[in-house]
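Asks: Build me a structure from this.
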Amino acid sequence: MSLTIRQIDAAKYTGKANTRCVLWDDDPRGLGLRVFPSGHKSFLLSYRIAGRKKMMALGDYGVLTLDEARKRAKRELAAIENDNTDPLATKRHRELEARTGTVEQVFGAYLADRKPKREADLLALAKRDIFPTFGQRGWRELRRTALRDWHKAFKSDYTANRALQALRAALYWRLWREDDDGTGAKLKRDARNPCAGIAMRKEKARQVRLELSDLSKVEAAIDAETESPYLRVLFRFILATGCRRGEALSIKWADVDLGESGHFILRDTKAGDDRRIPLTSSARRLLKSLPKVEDNPYVFVGHRSGAHLKSVSKCWQRIRKRAGVAHVRIHDLRRSFGSWLGDSGFTSKQIGDVLGHRTDVTSRVYMALGEKSKREAVDAVQSLMVGRKAKVVRLSKRATLR
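Replies: Next up, the predicted model:
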């Protein structure tokens with residue numbers, strides 16, 4: 001049937017459970033008026049291209065008249081017929097170009113779309129290491145030679161590689177969005193990405209851990225450098241459980257049991273599964289000290305309503321500087337936990353079970369000996385070399401993890 005203004009004005013929503021309610025027009029075929037449960041009305045166009053049915057919005061009724069909607073629908077259908085172009089894809093591409101012209105815009109859109117676990121830290125990295133050089137440049141103007149020079153100019157191998165990885169990921173996202181055909185398929189390595197093909201700088205393997213003798217200084221620094229109860233508990237909690245920073249920050253009260261045999265559940269971990277982690281009495285005390293916030297499900301409450309803590313790196317930098325352990329990163333707290341387990345006689349397999357490693361190969365990195373254990377080991381070898389009986393430090397029976 002042909003729509004009339006009287007029909008449009010009188011149209012009511014007749015769908016069920018928010019299903020789509022559309023009144024179709026015959027001139028042109030494919031033009032429709034969608035009626036929403038709220039009473040709002042808008043024109044849409046249904047069409048096929050490459051055998052796939054698609055639907056695009058033309059505009060709200062009131063902004064567009066019926067005659068204007070028909071003219072616009074005919075123009076779009078003519079373009080599909082004559083040029084074999086998809087108007088919906090063209091519109092999406094135009095909108096994407098408008099909001100991702102510069103590198104800074106691309107990075108912001110990438111973070112908003114992907115919402116990575118360390119979003120605040122990635123944005124801080126970009127502001128410090130990427131935007132000053134490339135932020136206002138068009139992303140299509142980036143050249144591999146300039147990027148190689150930028151990557152080489154960093155003093156730190158670690159910082160250089162993290163900045164390159166972040167920029168490369170944002171540009172891949174931009175290319176995937178441009179090529180997206182609606183299937184959600186992603187490309188692998190793509191030569192159009194100017195970061196592709198730039199080799200990572202060789203980083204030294206980190207074997208950094210806190211010594212037990214450093215704990216009192218770190219505890220004092222935590223209390224001195226922050227008044228937030230959530231930050232004070234967070235760093236202690238990571239040391240007490242070996243959690244990754246992102247895992248700890250995303251814990252919800254619904255997944256915490258503070259009873260005598262208490263535990264907490266880590267959801268969607270790096271290994272891709274859920275893990276049940278026992279809570280020691282000290283860890284339970286830490287969590288019990290935290291105030292709960294109404295309408296916020298997270299243990300470590302952030303500044304935004306209903307959100308958890310985001311960026312904690314600046315606070316940790318102040319803490320480690322005051323404690324005199326400026327070389328220790330937040331992830332090194334997890335490494336310290338695993339290393340202390342190794343000192344206590346646990347196997348790499350047992351350490352891996354606690355830390356959530358898929359294989360114990362990864363866990364062997366966490367078995368670095370503490371300074372006292374290393375001193376006793378080299379002293380024992382020296383005694384053997386000079387012909388004296390070495391004093392062997394006997395480990396207690398291999399502990400078992402429950």
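Asks: what's the first-to-last distance across stretch 247-265?
Replies: For stretch 247-265, the first-to-last residue distance is 10 Å (Cα to Cα, to the nearest Å).
Asks: Can you give the contact residues for it?
Replies: By Cβ atoms under 8 Å, 6 or more residues apart in numbering, the surrounding residues in contact with stretch 247-265 are 117, 234, 237-238, 241, 266-267, 269-270, 274-279, 283-284, 287-288, 292, 297-300, 308-310, 312. In this view, the C-beta of every residue, glycine as well, is placed from N, C-alpha and C.
Asks: Check the offset of it from the chain's centre.
Replies: 21 Å (Cα atoms, centre = their mean, to the nearest Å).
Asks: cool, stretch 262-282 as well?
Replies: Distance, centroid of stretch 262-282 to centroid of chain: 19 Å (Cα atoms, centre = their mean).
Asks: can you map out the strands along the chain?
Replies: Remark: strands assigned in the chain by DSSP state E are 22-26, 29-35, 41-49, 52-60, 256-257, 263-266, 275-278.
Asks: Got phi/psi on the most centrally placed residue in the chain?
Replies: Among the residues of the chain, the one closest to the centroid is Pro116, at 2.0 Å (Cα atoms, centre = their mean). The phi/psi pair for Pro116 (degrees, to the nearest 10) reads phi -60, psi 160.
Asks: list the helices and strands the lengthiest helix in the chain packs on?
Replies: In the chain, taking DSSP state H as the definition, the longest helix is helix 157-179. Helix 157-179 sits against helix 87-99, helix 103-114, helix 119-129, helix 144-153, with contacts defined as 3 or more Cβ pairs under 8 Å, 6 or more residues apart in numbering; DSSP states H and E.
Asks: mind redoing it with 10 Å?
Replies: Secondary-structure packing of helix 157-179 (3 or more Cβ pairs under 10 Å, 6 or more residues apart in numbering; DSSP states H and E): helix 87-99, helix 103-114, helix 119-129, helix 131-134, helix 144-153.
Asks: CA-only coordinates of the second one, as CSV, when you get a sec.
Replies: Once non-C-alpha atoms are left out, helix 103-114 reads as follows in CSV (Å, rounded to 0.1, in the frame of the first residue of the first chain):
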residue,chain,number,x,y,z
VAL,A,103,46.2,9.7,15.3
GLU,A,104,44.8,11.1,18.6
GLN,A,105,41.3,10.7,17.4
VAL,A,106,42.0,7.1,16.2
PHE,A,107,43.4,6.2,19.6
GLY,A,108,40.5,7.7,21.5
ALA,A,109,37.9,5.9,19.3
TYR,A,110,39.9,2.7,19.6
LEU,A,111,39.8,2.8,23.4
ALA,A,112,36.1,3.8,23.4
ASP,A,113,35.2,0.9,21.2
ARG,A,114,37.4,-1.8,22.6
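Asks: Including mean pLDDT, could the strands of the chain go into JSON lines?
Replies: Shown next, in JSON lines, are the strands of the chain (pLDDT from 0 to 100):
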{"stretch": "strand 22-26", "mean pLDDT": "91"}
{"stretch": "strand 29-35", "mean pLDDT": "92"}
{"stretch": "strand 41-49", "mean pLDDT": "90"}
{"stretch": "strand 52-60", "mean pLDDT": "87"}
{"stretch": "strand 256-257", "mean pLDDT": "92"}
{"stretch": "strand 263-266", "mean pLDDT": "86"}
{"stretch": "strand 275-278", "mean pLDDT": "83"}
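Asks: Make JSON lines out of the ones you listed and add mean neighbour count and distance to Ser2.
Replies: Shown next, in JSON lines, are the strands of the chain (neighbours: other Cβ atoms under 10 Å; distance: least, Cβ to Cβ, whole Å):
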{"stretch": "strand 22-26", "mean neighbour count": "15", "distance to Ser2": "5"}
{"stretch": "strand 29-35", "mean neighbour count": "20", "distance to Ser2": "10"}
{"stretch": "strand 41-49", "mean neighbour count": "18", "distance to Ser2": "14"}
{"stretch": "strand 52-60", "mean neighbour count": "14", "distance to Ser2": "17"}
{"stretch": "strand 256-257", "mean neighbour count": "14", "distance to Ser2": "62"}
{"stretch": "strand 263-266", "mean neighbour count": "20", "distance to Ser2": "59"}
{"stretch": "strand 275-278", "mean neighbour count": "15", "distance to Ser2": "62"}
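Asks: Turn those strands into TSV, including distance to Lys321.
Replies: Below are these laid out as TSV (distance: least, Cβ to Cβ, whole Å):
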stretch	distance to Lys321
strand 22-26	63
strand 29-35	59
strand 41-49	57
strand 52-60	54
strand 256-257	32
strand 263-266	30
strand 275-278	30
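Asks: closest to Arg99 out of the ones you listed?
Replies: strand 52-60 (18.1 Å; Cβ to Cβ).
Asks: What angle do helix 87-99 and the closest one make with each other?
Replies: 60 degrees (axes from the mean of the first three to the mean of the last three Cα atoms, to 10 degrees).
Asks: related to what we said a few turns ago, check the contacts of stretch 247-265 for burial and list the buried ones.
Replies: By neighbour count, with 16 or more other Cβ atoms under 10 Å, the contacts of stretch 247-265 hold 117, 234, 237-238, 241, 266, 269, 275, 277, 279, 283-284, 287, 298-300, 308-310, 312 as buried.
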